[in-house]
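**Student:** Here is my input; please provide its structure:
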Amino acid sequence: MAQTRARIFASACAGGVGVAIVLGGCGSTEPAGTGAPISATASSTTPGGVTSSGVTSSGVTPSGVTAGAATTTHGASDSPTTPTVIYRAPFIERVEWTDTEVGPSLSVFPTTSGRYTQDPTAMAAAWREVVGLDAGADTPGMQAQFDCHWRFARIVEPEKPSWNLEPGRPVVTEEDMIGARCNPGFAEEY
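**Tutor:** Below is the predicted model of the structure:
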């Protein structure tokens, strides 16, 4: 299956040295919607006007395709930029109900994007994904547990396979939720 790859090209010249930033294929060979990160790649322009990514400083690839243009300013002494990783939706891979010693529990399995995104709007988007996968999760207590896991469990234990939300847990203040390590009312089930 052919992959569509988009390129965003930015170039500027400072002191006769051209600098280009290319976002290639959204940085991913993953199909859209897999939660794969997007990465940016930096490259420099040669005196002939061709970047190491194969795009000329005019924004035209050797095959004649014009890349989207944007401008950026760099001083002559600027060092190369570090690639930036952008994590995109989906943030939740799947949800799964299990029976535990403490009753029913909804296991929420985040994607890599869900584990590492820094987008301030992603928590609300991820909760909408959970509810879209299982409408029974849409209770204030379950959302509060999810929000706690999103804010703190991702930092403390980013590779934890799932975040477990229990409908039997009480609705508590945010302070009590944090004090209970996102598991108010009784210990975390395993």
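**Student:** Quick one: residues contacting residue 133.
**Tutor:** 92, 94-95 (CB atoms under 8 Å, 6 or more residues apart in numbering). Placement of C-beta: from N, CA and C, glycine included.
**Student:** Reformat these into TSV and put pLDDT and neighbour count next to each item.
**Tutor:** What follows is those, written out as TSV (pLDDT from 0 to 100; neighbours: other CB atoms under 10 Å):
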residue	pLDDT	neighbour count
92	98	24
94	98	15
95	98	20
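**Student:** For the nearest residue to residue 123 once chain neighbours are set aside, report the pLDDT, please.
**Tutor:** Once flanking residues are discounted, residue 123 sits nearest to residue 150: 4.7 Å by CB to CB, 6 or more residues apart in numbering. Residue 150 carries a pLDDT score of 96 in this model.
**Student:** Okay, and which of the contacts of residue 133 map to strands?
**Tutor:** 92, 94-95 (DSSP state E).
**Student:** List just the nearest of those residues to residue 118.
**Tutor:** In terms of CB to CB, no member of these lies closer to residue 118 than residue 92, at 16.9 Å.
**Student:** In this structure the closest one contacts residue 112, no?
**Tutor:** No - under the criterion of CB atoms under 8 Å, residue 92 makes no contact with residue 112, lying 11.5 Å away.
**Student:** what about the strands in this structure?
**Tutor:** Here the chain has its strands, by DSSP E, at 7-14, 17-24, 38-39, 41-44, 68-71, 85-86, 92-100, 103-110, 163-165.
**Student:** Buried residues of stretch 173-187, list them for me.
**Tutor:** Across stretch 173-187, burial judged by 16 or more other CB atoms under 10 Å covers 177, 180, 182-184.
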